[in-house]
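Asker: Here's my sequence, what's the structure:
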Amino acid sequence: MRVWRDVREPLFAGVLWSALALACVALRDGLGAALLIWLPSGVAVAAFHSVPVNRWPLLAAVMYPIQAVTVWWISGSVQQAVVYSFATLLQSVIAAQLGYMALGGRHEIPRRFGQVAGLFAAALLGSLAGAVVAIPFRPVQSLDEFMWWFFANVLAIQTLVPIMLVIRMNLGKRGLVQFLAFARKIRPFMLGTAIFTIVALQVSEIVLMPLMFALIVLATVRYGQIASLLVVLMYVAIATIISILQETPTPSIQASAAEGTLILQSWLLAMLATVLPIAAMLLKRRELQRELVKRNEEMHNSLIMFTLAEDTANMGRWYLNLRTGEQDWSPNMLEMNGLSRSLAPDPGDVTNRLPDGGEELFRQIAANRRNTEPYSFTYRIKPINQLERILRIAIRNEFDDEGQRFAVLGVALDVTEQVRREEALELARGRAMQLASEAQKLANTDPLTQLPNRRCTFDRLESMIVMAEDGGTPLSVILFDVDHFKAVNDGYGHQVGDAVLQEMADLARKQVRQGDIVGRIGGEEFVWLVPGAQSKVARQLAERLRECVEEGTSASSLPKVTISVGLAHFRSGDTGQSLMARADAALYAAKDNGRNQVKRAA
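Answerer: Just a heads-up that it's a prediction; the model follows:
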């Protein structure tokens, strides 16, 4: 099945070539017709245009034997069969390859003058190559015979190839409908042209043939390239019929059949050389018109969608031509700035209409007048009897080739609600952070003394131990409590006892260095964490604290108290618990030894 799919098109092309060749020869030899065009050449070139280049060898392999058998059947000469078939394939390959290069694709049709010229040159060069190969083997070797071969093949390639490609591209129900509609549209014109052609080719009293030229131009302008090619084929068909009936295709000029054939061939080629560029330009014009209509429709749809987007997003747009003073304000832009929507598109001098004269808006625009990049800013506007609005506008300056600013474009967005929400969110976030900070402080602070509580102090101790262990830096713990504090509570009451603890905290707070921590870890017990101090310095700090408490409470109206102090220094491998345990042991040693003194842990 795959083999059949591969050879189906080449086989069809070969059979069609053979049928047309036999028909043309039958008209010439059987009826004495003058052949102005060699139709099989057009079929061969169209076949090469219809298949990919990589399948050309298969196409040639299938068509060559069919052509050779057909030529042998017609001429009876094996030599002519071999040479003519080779010449036909050679001119087909050259014309198809050059045409493919000129058109930019095998299914394309000419749309520009360069493509028309390239396709015409492809037909000329291909036909010339075929004629050069074939003429030496023709029974009659003359210039007229050479020119006939050349003209007949060029005409076939120029007319049949585009028509067959269009038919091939429009195969299917939709293409058939379009073709039938085109046929109905062109039928009256073709009928009238046919009648006129019959008269023009036979009447010698009045020279009417130039009007045939005008008719083909009219067909091109009104109906397009295919119509002009159909008119050429109709001219050929009518001239062929006339040659059968009157022995010459051009009775009006009283020339022999051979002369009339060459004259009419050259005349038809001149027609094609004239109308094909016109057809290409008209086709390009129609494409541009369709593209323009399409783009206008797209712009219209885009404008509608942009307007919907403006309304949905509460946006507005503005344009100012600095040279003409022309403005274009969208209704939304006017409304957002406190102006009536009915003033769109050009409200005139808005400085007299805007609530604040547009001072902030135009001040920013003036400040950025040399800015070559898009910029944006936020401005506020307070329309009369309305709430204040906050607008965010993005602006772009347009500059000419000389660097002069000639226009300003802006798109504004009403961000009032967004800003209000952001402000409310920022306020709520600040309040939440404040509450979180307060909660954190409450969670880590002793409410009576405002010192770090037990949990916070021990957390800091663990962090300091890690730093001391990793960095090899000293760390000391000064643990102290109030001597005979129970007697203070019992003798003066808990309120006085609390005041004593607060005073103790104040005195200790004044002694700590930057980076030290002093906290209350329970009852009348406090701890002072001293990182980075050598043991001698830590001992001096502990003694100074003891003396400060002893002297400070003496001058106070509160009961005089003293403290006992336990001092422990960090040793590698210590934990917070072990370090505190050694400091606690030193504290008890101080108490056992008479209180109001500092003892260092062993």
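
Asker: domain assignment for the protein?
Answerer: The chain breaks down by automatic domain parsing into domains covering 2-287, 314-419, 445-600.

Asker: List just the one of those that sits closest to Ser437.
Answerer: Closest approach to Ser437 among the domains of the chain is made by domain 445-600 (11.3 Å; CB to CB). All C-beta atoms are positioned from the backbone trio N, CA, C, and that covers glycine.

Asker: Quick check: end-to-end length of the closest one?
Answerer: In domain 445-600, first residue to last residue: 28 Å (CA to CA, to the nearest Å).

Asker: what sits against Ile384?
Answerer: Under the criterion of CB atoms under 8 Å, 6 or more residues apart in numbering, the neighbours of Ile384 are Gly338, Pro355.

Asker: would JSON lines of the domains of the chain with mean pLDDT be doable?
Answerer: Shown next, in JSON lines, are these (pLDDT from 0 to 100):
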{"stretch": "domain 2-287", "mean pLDDT": "80"}
{"stretch": "domain 314-419", "mean pLDDT": "78"}
{"stretch": "domain 445-600", "mean pLDDT": "91"}
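
Asker: Which parts of the stretch 201-350 of the chain are strands?
Answerer: Remark: strands assigned in the stretch 201-350 of the chain by DSSP state E, counting those that start in this stretch are 315-321, 327-329.

Asker: List the buried residues in the longest one.
Answerer: Okay, so that is strand 315-321. Judged by neighbour count using 16 or more other CB atoms under 10 Å, the buried positions of strand 315-321 are Met315, Gly316, Arg317, Trp318, Tyr319, Leu320.

Asker: Please tell me how far the fifth one sits from Ala194.
Answerer: To tie it back to what came earlier, the one meant is Tyr319. Plainly put, Tyr319 is 59 Å away from Ala194 if you go by CB to CB, to the nearest Å.

Asker: same thing with the first one?
Answerer: For Met315, the distance to Ala194 (CB to CB) stands at 64 Å.

Asker: Now tabulate the strands of the stretch 201-350 of the chain in TSV and tack on distance to Asp459.
Answerer: As requested, the strands of the stretch 201-350 of the chain are exported to TSV (distance: least, CB to CB, whole Å):
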stretch	distance to Asp459
strand 315-321	53
strand 327-329	63
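
Asker: which stretch among those comes nearest Val527?
Answerer: Distances from Val527 to each of the strands of the stretch 201-350 of the chain were compared using CB to CB; the shortest belongs to strand 315-321, at 63.6 Å.

Asker: Name every strand pairing with the closest one and say which way it goes.
Answerer: According to DSSP bridges, strand 315-321 forms sheet pairs with strand 327-329 (antiparallel), strand 405-414 (antiparallel).

Asker: so after the longest one, what's the next helix or strand?
Answerer: Scanning forward in sequence from strand 405-414, with DSSP states H and E defining helices and strands, the next element found is helix 416-444.

Asker: list the helices and strands that next one packs on?
Answerer: Counting contacts by 3 or more CB pairs under 8 Å, 6 or more residues apart in numbering; DSSP states H and E, helix 416-444 packs against strand 389-399, helix 454-471.

Asker: Can you say which of these is nearest to Ala255?
Answerer: Taking CB to CB as the measure, the helices and strands packed on helix 416-444 were each checked against Ala255, and strand 389-399 came out nearest at 68.8 Å.

Asker: Arg222: which of the buried residues of strand 315-321 is nearest?
Answerer: Lowest distance from Arg222 to the buried residues of strand 315-321 (CB to CB) belongs to Tyr319, with 43.0 Å.

Asker: bridging residues for the closest one?
Answerer: Taking DSSP bridges, one finds Asp328, Leu409 as the beta-bridge partners of Tyr319.

Asker: now it: how far from Arg520?
Answerer: When CB to CB is applied, the distance between Tyr319 and Arg520 equals 71 Å.

Asker: Am I right that Val565 is in a strand?
Answerer: Yes. Judged by DSSP: H, G, I helix; E, B strand; the rest coil, Val565 forms part of a strand.

Asker: Let me see the contact set for it.
Answerer: Contacts were defined as CB under 8 Å, 6+ apart; by that measure Val565 touches Ile478, Leu479, Phe480, Ala542, Leu545, Arg546, Ala586, Leu587, Ala590, Gln597, Val598, Lys599.

Asker: isn't Leu59 right next to Pro52, touching?
Answerer: No. In this structure, Leu59 sits apart from Pro52 without contact. The criterion is CB atoms under 8 Å, and the distance is 9.8 Å.

Asker: Looking at the two, which is more packed in?
Answerer: For Leu59 versus Pro52, the count of surrounding residues by other CB atoms under 10 Å is larger for Leu59: 26 against 8.

Asker: Not including adjacent chain positions, what is the nearest residue to the more buried one?
Answerer: Here the nearest residue to Leu59 in space, its sequence neighbours aside, is Pro10; by CB to CB, 6 or more residues apart in numbering that works out to 4.4 Å.

Asker: Now that neighbour: which helix or strand?
Answerer: Secondary structure assignment for Pro10, by DSSP H and E: helix 2-25.

Asker: What residues sit buried inside that helix?
Answerer: Those buried within helix 2-25 under the rule 16+ other CB under 10 Å are Glu9, Pro10, Ala13, Gly14, Leu16, Trp17, Ser18, Leu20, Ala21, Cys24, Val25.

Asker: do stretch 421-436 as well
Answerer: For stretch 421-436, the buried set under the neighbour-count rule, 16+ other CB under 10 Å, is empty.

Asker: Off-centre distance for it?
Answerer: A distance of 40 Å separates the centroid of the chain from that of stretch 421-436, by CA atoms, centre = their mean, to the nearest Å.

Asker: isn't Ala47 right next to Ala60, touching?
Answerer: No. At 9.7 Å, Ala47 and Ala60 do not qualify as touching, with contact defined as CB under 8 Å.
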